[in-house]
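**Q** coordinates only, sequence not included:
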Ligand SMILES: Nc1ncnc2c1ncn2[C@@H]1O[C@H](COP(=O)(O)OS(=O)(=O)O)[C@@H](OP(=O)(O)O)[C@H]1O
Ligand SMILES: Nc1ncnc2c1ncn2[C@@H]1O[C@H](COP(=O)(O)OP(=O)(O)O)[C@@H](O)[C@H]1O
């Protein structure tokens, strides 16, 4: 992996959508054979740096026809709090699996008992079982009540259960695969056509493939039917005016929602913690949960704004406006923005508190730590004078005096940070968490 940003920083940059970035990661991890490497159609002959939607450089291609080289590993799509041990490059998995017969089981939902029986049967003559969970969207409609991170966790629990019960006598591995299935790979061309799931599993070392993604399991069908029966009982046996009350009684989420504003230096951990909180909420509440990330928002809502004081102020106030609308309608909005100025944060608080709960989280990770992380090589550029008005280096950060929560991600682990933010949300009056 190359970290020599001085070599790449002058090259043209291409920001990838999430699925395109997944495709690049598959190629970098060796899950797509070398002759199927995606190439950047938009820049067919030139050099290019590929960035993910948070502007983190993920790969570089030095010249047309050259292979992509990794710059940084991407975070785990589908939730930072999904087990990161499951995110392994295909070549590392192949090394672990070795040459023996291996069964690759493709999973995009929580596996039902009916599917487990088939899996156990197929696993009789193999040396390893690979449970490959697809963590990228789009996910099938019947699986939408569980997040991708939830599928990874459920699959890991299945692995433990299969091993503990002795139903599968060989090692079982869980691998989280960033699979851009069905994605419109707009800017990436795949010579020879898109790879299939079968090819993908074989690239991870499977010699036999059991695809559980083709149709919902019997367990899923039964679950859906039970839900429909419940709806039918409500409709048949209660006055229409009362149905809504009963139907929503299980669903947390009555009443207004909240905005959580994560403020802090670049690299302090705002996005990482915000996304982990979102992931946790998505698995436990039925409210709409949205992440508005400063540098993602800058591609659309705040496109064209710079980093002078006025632009930052506009940016933060726009985000606050949108966030307060969603929160007023019952959603929970996790905003990750540097938001360096007191006045703008106060504006977001005022606007939100008129309609919903508000929590200000200061991610107070020390500058030295943020700078040492320098995921996006921005501090190095700022120190070199190549990036003006960089927060903490050449642009001010006004430390909040009204933070409801103060985190320091050089000290606090992600799980602890998530728990602290959830407690603050409860204290802000958000029910059903
Ligand atoms: N000059 C300068 N100063 C600070 N940050 C810079 C700058 N130029 C680009 N970037 C990238 O933009 C991301 C911060 O955008 P925000 O919208 O959160 O900033 S602000 O709230 O408007 O101040 C920030 O993202 P994070 O690292 O996620 O904070 C940087 O990637
Ligand atoms: N305890 C932690 N909490 C959050 N991030 C952490 C932690 N420890 C290390 N990190 C790393 O710090 C970096 C924070 O980056 P990011 O979340 O994008 O910050 P920001 O959004 O504030 O720019 C990530 O690479 C993350 O993996």
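**A** That came through fine. If you're wondering where the values come from, they're calculated on a predicted model, not measured in any experiment. Residues are numbered from 1 along each chain as shown. Ligands and ions are numbered 1, 2, ... in the order given.

**Q** Assumed residue 50 was part of a helix.
**A** No: going by DSSP: H, G, I helix; E, B strand; the rest coil, the assignment for residue 50 is strand, not a helix.

**Q** give the contact list for it.
**A** Residue 50 makes contact with 13, 14, 16, 21, 24, 40, 57, 58, 59, 60, 61, 68, according to CB atoms under 8 Å, 6 or more residues apart in numbering. No exception for glycine: its C-beta is placed from N, CA and C like everyone else's.

**Q** Grab the nearest non-local neighbour of it.
**A** Sequence neighbours aside, residue 59 is the residue nearest to residue 50 in space, at 4.6 Å (criterion: CB to CB, 6 or more residues apart in numbering).

**Q** what helix or strand does the one you found sit in?
**A** In this structure, residue 59 sits in strand 57-61 according to DSSP states H and E.

**Q** Tell me the residues of the stretch 301-433 of the chain that contact ligand 1?
**A** Selection of the stretch 301-433 of the chain residues close to ligand 1 by CB under 6 Å from any ligand atom yields 307, 312, 315-316, 337-340, 376, 378, 387, 389-391, 395.

**Q** Now with 5 Å, please.
**A** When proximity is defined by CB under 5 Å from any ligand atom, the stretch 301-433 of the chain lies next to ligand 1 at 307, 312, 315, 337, 338, 339, 389, 390, 391.

**Q** Counting only helices, which of the residues you listed make the cut?
**A** 312, 315 (DSSP state H).

**Q** which of the residues of the stretch 301-433 of the chain next to ligand 1 has the most neighbours?
**A** Within those, most neighbours by other CB atoms under 10 Å means residue 339, with 30 neighbours.

**Q** quick one: contacts for that residue?
**A** Contacts of residue 339 by CB under 8 Å, 6+ apart are 261, 263, 294, 312, 316, 345, 348.

**Q** for those residues, which one is nearest ligand 1?
**A** Of all the contacts of residue 339, ligand 1 sits closest to residue 294, with 2.2 Å by CB to the nearest ligand atom.

**Q** Now do the same contact list for the closest one.
**A** Residue 294 sits in contact with 270, 315, 319, 335, 336, 337, 338, 339, where contact means CB under 8 Å, 6+ apart.

**Q** which of those residues sit farthest apart?
**A** Maximum pairwise distance in the contacts of residue 294, criterion CB to CB, is 14.2 Å, between 270 and 315.

**Q** any idea how far residue 235 is from residue 242?
**A** Separation of residue 242 from residue 235 (CB to CB, to the nearest Å) stands at 11 Å.

**Q** Look at the residue in the stretch 1-150 of the chain positioned nearest to ligand 2 and say how many residues are nearby.
**A** Closest contact between the stretch 1-150 of the chain and ligand 2, by CB to the nearest ligand atom, is at residue 54 (6.1 Å). By other CB under 10 Å, 20 other residues sit near residue 54.

**Q** and it, what are its phi and psi?
**A** phi -100, psi 10 (degrees, to the nearest 10).

**Q** So what's the residue count around residue 239?
**A** Counted with other CB under 10 Å, residue 239 comes out at 6.

**Q** Flag every buried residue along stretch 389-403.
**A** 390, 391, 392, 393, 395, 397, 400, 403 (16 or more other CB atoms under 10 Å).

**Q** Ok, stretch 160-180 next?
**A** For stretch 160-180, burial by neighbour count (16+ other CB under 10 Å) applies to 162, 168, 170, 172, 173, 174, 175, 176, 177, 178, 179, 180.

**Q** Report the secondary structure element holding the fifth one.
**A** Spelled out, that is residue 173. Counting by DSSP H and E, residue 173 is found in strand 172-177.

**Q** Compute the mean per-residue pLDDT across that strand, please.
**A** Mean pLDDT, strand 172-177: 94.

**Q** what are the pairing partners of that strand, and which direction each?
**A** strand 128-134 (parallel) (DSSP bridges).

**Q** ok so, going back, doesn't residue 295 make contact with the residue of the stretch 1-150 of the chain closest to ligand 2?
**A** Yes: judged on CB atoms under 8 Å, residue 54 makes contact with residue 295 at a distance of 5.6 Å.

**Q** any weak-confidence spans in this structure?
**A** Low-confidence segments of the chain (pLDDT under 70): 1-5, 19, 33-45, 64-65, 72-82, 137-138, 144, 180-193, 247-255.

**Q** Spell out which residues make up each domain of it.
**A** What automatic domain parsing lists as the domains of the chain is 5-70, 80-211, 218-251, 258-427.

**Q** Same list, those, but as JSON lines with distance to residue 433 please.
**A** Shown next, in JSON lines, are those (distance: least, CB to CB, whole Å):
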{"stretch": "domain 5-70", "distance to residue 433": "26"}
{"stretch": "domain 80-211", "distance to residue 433": "16"}
{"stretch": "domain 218-251", "distance to residue 433": "13"}
{"stretch": "domain 258-427", "distance to residue 433": "5"}
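
**Q** which residue ranges form the helices in the stretch 51-200 of the chain?
**A** 90-97, 113-122, 148-165, 197-203 (DSSP state H, counting those that start in this stretch).

**Q** before we move on, what about the stretch 251-400 of the chain?
**A** For the stretch 251-400 of the chain, the helices defined by DSSP H, counting those that start in this stretch occupy 270-284, 294-297, 309-328, 342-353, 367-373, 378-383.

**Q** Serialize the helices of the stretch 51-200 of the chain to CSV and add fields for distance to residue 257.
**A** Formatted as CSV, the helices of the stretch 51-200 of the chain follow (distance: least, CB to CB, whole Å):
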stretch, distance to residue 257
helix 90-97, 40
helix 113-122, 36
helix 148-165, 21
helix 197-203, 37
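
**Q** Against residue 324, how distant is residue 314?
**A** Distance of residue 314 to residue 324, given as CB to CB: 16 Å.

**Q** who has more neighbours, these two?
**A** Neighbour tally, residue 314 and residue 324, criterion other CB under 10 Å: the higher count belongs to residue 324, 23 against 15.

**Q** wait, the more buried one sits on residue 348?
**A** Yes: in this structure residue 324 lies within contact range of residue 348 using CB under 8 Å: 7.4 Å.

**Q** Between these two, which contacts overlap?
**A** With CB under 8 Å, 6+ apart, residue 324 and residue 348 have common neighbours residue 259.

**Q** Which one (most neighbours) among the contacts of residue 50?
**A** residue 59 (28 neighbours).

**Q** Please look at that residue and residue 28 and confirm they touch.
**A** Yes: counting by CB under 8 Å, residue 59 touches residue 28, with 6.1 Å between them.
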